[in-house]
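A.B. asks: quick one, fold the following:
(chains A, B, C and D, ligands or ions: 2)
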Amino acid sequence: MKRIYLDHAATTPVDPAVVEVMVSSLKDNFGNPSSVYAEGRTAKKSIDAARAQVAKAINADPREIFFTASGSEADNWAIKGIAMKNQAKGNHIITTKIEHHAILHTCQYLEKHGFEVTYLPVDKDGLISLEDLRNAIRKETILVSIMFANNEIGTIEPIREIGKIVKEKGIVFHTDAVQALGNIPIDVKDLNVDLLSVSAHKIYGPKGIGALYIRKGLPIDNLIHGGGQERKKRAGTENTPEIVAFGKAAELATEHLETNINHMKTLRDQLIKGVTERIPKVRLNGHPQKRLPGNANFCFEYIEGESILLSLDIIGIAGSSGSACTSGSLDPSHVLLAIGLPAGMAHGSLRLTIGKSTTPEDIDYVVDNLVGIIQRLRAMSPIDADNPIDSAVFDKADHHH
Amino acid sequence: MKRIYLDHAATTPVDPAVVEVMVSSLKDNFGNPSSVYAEGRTAKKSIDAARAQVAKAINADPREIFFTASGSEADNWAIKGIAMKNQAKGNHIITTKIEHHAILHTCQYLEKHGFEVTYLPVDKDGLISLEDLRNAIRKETILVSIMFANNEIGTIEPIREIGKIVKEKGIVFHTDAVQALGNIPIDVKDLNVDLLSVSAHKIYGPKGIGALYIRKGLPIDNLIHGGGQERKKRAGTENTPEIVAFGKAAELATEHLETNINHMKTLRDQLIKGVTERIPKVRLNGHPQKRLPGNANFCFEYIEGESILLSLDIIGIAGSSGSACTSGSLDPSHVLLAIGLPAGMAHGSLRLTIGKSTTPEDIDYVVDNLVGIIQRLRAMSPIDADNPIDSAVFDKADHHH
Amino acid sequence: MEYTEKVIENFSCPKHVGELEDANGVGQVGSPACGDIMKIFLKINDEDIIENASFKTFGCGAAVASSSMATDMIIGKSIEEAGKLKNSDVVDALGGLPDVKIHCSVLAAEAIQAAIQDYKTKKA
Amino acid sequence: MEYTEKVIENFSCPKHVGELEDANGVGQVGSPACGDIMKIFLKINDEDIIENASFKTFGCGAAVASSSMATDMIIGKSIEEAGKLKNSDVVDALGGLPDVKIHCSVLAAEAIQAAIQDYKTKKA
Ligand SMILES: Cc1ncc(COP(=O)(O)O)c(C=O)c1O
Ligand SMILES: Cc1ncc(COP(=O)(O)O)c(C=O)c1O
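C.D. replies: Ligands and ions are numbered 1, 2, ... in the order given. So this is what the prediction gives:
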């Protein structure tokens, strides 16, 4: 069966050109980049080249790029590294309610160790308010971390304006740009950011390799101590093949940014139009304009997300849901709750994210099938306009957690 | 020019069978293992299979294996995770002077944050004393971390006996087995260890993937917080291709353990015999018997390590040195200093480590050439038996650091 | 989520979906906040035998499949027997459920008990 | 370590290795603990011109190459000129040195100065 993959925000297939450089590195470039002999020097050179490619994708200096094993590691490093380094200065961190778990759980961990964290709310479209941010800043604030674009609902935050406010106060500013890279132009020189996280597997590179941009001269503690790799900032023998692959993926992303954005936007709009016109009682989550070019996120009333996913999977379509079931937890998506959806509604979400190989025919096929799937599931549901959710049941359930 | 690679302790070439499974995963298995649809499920299954392969290599239960991005990350996790988790119980850690930097620098970092660390000395062969260990244990001791086998001099520590002592006291025991895997049989059930670090690139797997064995039920803090991967213990989208590759490498290592050990031992002994018989004023570092099957580490008096490496590299031989120059630092190897070598001598070390594709002819070629290289460099040196190192100069230099 | 063939089958072509017009015992458990609501309809005859059963479910694949399987398992049984249906019976009949989905089978058993209770209350 | 061709050449086939029998100025700097010792031998004539120079070096590739290049650069020069030899001159002549190896060129310049000083002290 032909599969239609619409979960590019979760991960992307590796571009054949990326596979190629990775395989050749894997086969012919095994030297330890820290070694003095020929094999080591060759490996080191290929890493330097990849660092330049990644740097170029965000307009950084190559010496500001530090490879990590994932976006999550980059996020953890940024938060913990700045928190630990600046403990003497203050113990307050500002972030948002809609961050990725790599940020949220890290902040929660720090809360157990004497730090205080403000989680900024967002409006119904997922945007933070600059006023809220200004009000949250205290003299103990040592770090602000606000994501560039949200992975679930696709909303793009005003990073440049946030950066300006934060910079004026002399506070360190981190942004999780894992979803932004390859989807929005990023220029660290223009954005007033000190730290920025990226991950290769969201831009047709391999899983298990990411990077943290650290503005030149910014003091930060290490997260992984040990050997002198990454200019003594991140220990562990360098993952040469994946670094080289990330470099290639970043190069391709930079080169084709415009084209990819236009392609995704067109198909995203086709998808949103099709779904909202042909299916009743549907809500588009996230900001209508300020959203990732490939992101469409819907809530279908009266039904639950995993049953939609499963129905799609059975006919060859891969999508995702902020629902309970995707994560094995019973909690509905913290992002959908943060934009004000009731928990019952938040369980019925479907995220479809478009990639460079998605076609207009794919979108037509998905919309056509989705119409029937939603109908069938709704017919099966005990809830509908006439039998609305009993709010008593509701409250009970919330306590339940 | 044909190259003879004798730096297998630094890293190993990726086995063609490992490349094969990795490439096929890279091409056809890109799904996010946390996703519910078909692509995700396939990825998850392949990770489960790899986890079982790695578990088998050390006789663990698959649920005790947690993938990391390197041996260094596994080491950092073990040390910091136990330290942070048990802060309330005590603040004392015991390790040795000859650990890898991933342990030493992590411990030094913790020392800055209120922990106390005892660095056990070693004897001239690199062995710790069980008596010293017993004496070092205090009521505040929460963790003992002692490496299985040393990466520079190859000495194998008595892990089972150490584990017994530590276990009796109810203290958590970690061992860095990065150099042991594939070179010594490892059975976690027999060793009394709670935590054990391994890394794929030392056993013909790719760089950038490692694992931490965590004994079932042992409480430990996360190092990398975020998504629910690795049973909520280590966040970050799983590096499927490298995990699968590590699994294959572990399987091969387990299958051919005996053969590989015998092969390496034979060549190592040929090398040690050739060098010590044909070159005067040479010292074999590390324990004469209790050493890694592939490890030979020499000090040549009167000359410096990098000039040996460079001379070897020029004629196609890759080796390594604990000397200043390999690391870009001016400090001689902490391991060679710990076994009591004077700094001048420690600078003149050469480590040659044998792998499964090394041949007896390779060894002959290396020994033949080494004789001439050492002769030439000694002729160039201002130090010799008649012009011994002026100890005054010596002291001055030590202050210099 | 790794589902068995049986689960997929019961999800794709569930038996006994919808409301029973002549139901004399109805039970609902769960909540949308938890991501599952199950409503079970029973038609019970004078001998306390379940003549027919149906369900409406808001929930994941496992919830739908559990509802389908559970209703199918109790038709023809006495309410005493049906009330003893254990969630593990449903899991077994489905060829297993992923760990995090076991609670769906629990809900199915509970919904049946609730529907029987409803019938008893009304009758009393 | 990435060395230039010039460095490799000066390391593999160094010029002026060994002791000068008739040296009248000898300087030694560095220490084995640091991983480098350089000993420079100078034969200086009555007009204070360096007629010949040689070295013995314990150290890395860059140290050997710097010694070779530096001795070669000062032969035929007056001790005044040779004393002014900057480490950067040696680095340039070698086509560059890795950052962590710059200190080797510094040692070479210092060893020459020490040897000239030795000559002056003995003469005075
Ligand atoms: C003993 C020991 N521990 C830890 C490490 C670190 O492993 P990795 O290179 O995977 O970070 C190494 C090798 O580099 C090692 O030899
Ligand atoms: C916004 C955001 N941050 C962080 C991450 C984590 O990146 P990785 O999967 O490389 O750990 C992701 C994706 O999973 C993401 O979407």
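
A.B. asks: do you know how far the closest residue to A:Arg291 other than its chain neighbours is from A:His105?
C.D. replies: Once flanking residues are discounted, A:Arg291 sits nearest to A:Gly154: 4.0 Å by Cβ to Cβ, 6 or more residues apart in numbering or on different chains. (Glycine included, C-beta is placed from N, CA and C.) Taking Cβ to Cβ, to the nearest Å as the measure, A:Gly154 falls 22 Å from A:His105.

A.B. asks: those two: which is more packed in?
C.D. replies: Between A:Gly154 and A:His105, counting by other Cβ atoms under 10 Å in any protein chain shown, A:Gly154 is the more crowded of the two (26 against 23).

A.B. asks: hang on, isn't that one packed against A:Pro288?
C.D. replies: No - contact criterion Cβ atoms under 8 Å: A:Gly154 and A:Pro288 do not qualify, at 10.4 Å.

A.B. asks: close to ligand 1, is stretch A:208-220?
C.D. replies: No - judged by Cβ under 6 Å from any ligand atom, stretch A:208-220 and ligand 1 are separated, with a smallest distance of 12.8 Å.

A.B. asks: so where's the chain uncertain?
C.D. replies: This is for chain A. Scanning chain A for pLDDT under 70 picks out A:322-330, A:389-401.

A.B. asks: please refer instead to chain C.
C.D. replies: Where chain C drops to pLDDT under 70, the residues are C:1.

A.B. asks: what sits against the residue nearest to A:Arg291?
C.D. replies: Neighbouring residues of A:Gly154 by Cβ atoms under 8 Å, 6 or more residues apart in numbering or on different chains: A:Ala9, A:Gln179, A:Gly286, A:His287, A:Arg291, A:Leu292, A:Gly294, A:Asn295, A:Ala296, A:Asn297.

A.B. asks: closest one of the residues you listed to B:Met22?
C.D. replies: Distance to B:Met22 across those (Cβ to Cβ) is lowest for A:Ala9, with 24.9 Å.

A.B. asks: now the residue nearest to the closest one when sequence neighbours are not counted: phi and psi?
C.D. replies: Distance criterion Cβ to Cβ, 6+ apart; nearest residue to A:Ala9, sequence neighbours excluded, is A:Thr353 at 3.9 Å. In terms of degrees, to the nearest 10, the main-chain angles of A:Thr353 are phi -120, psi 130.

A.B. asks: then the one 10 residues further on?
C.D. replies: Phi and psi for A:Ile363, reported as degrees, to the nearest 10, are phi -60, psi -40.

A.B. asks: measure it to A:Glu157 for me?
C.D. replies: For A:Ile363, the distance to A:Glu157 - Cβ to Cβ - is 27 Å.

A.B. asks: between these two, which one's more packed in?
C.D. replies: A:Ile363 (25 against 22).

A.B. asks: dump the residue contacts of that one.
C.D. replies: So, once contact is read as Cβ under 8 Å, 6+ apart, A:Ile363 ends up touching A:Leu267, A:Gln270, A:Leu271, A:Gly274, A:Ile354.

A.B. asks: okay, buried residues for stretch A:341-358 please.
C.D. replies: By neighbour count on 16 or more other Cβ atoms under 10 Å in any protein chain shown, the buried set for stretch A:341-358 is A:341-356, A:358.

A.B. asks: before we move on, back to that, and the contacts of A:Ile363, which of them are buried?
C.D. replies: A:Leu267, A:Gln270, A:Leu271, A:Gly274, A:Ile354.
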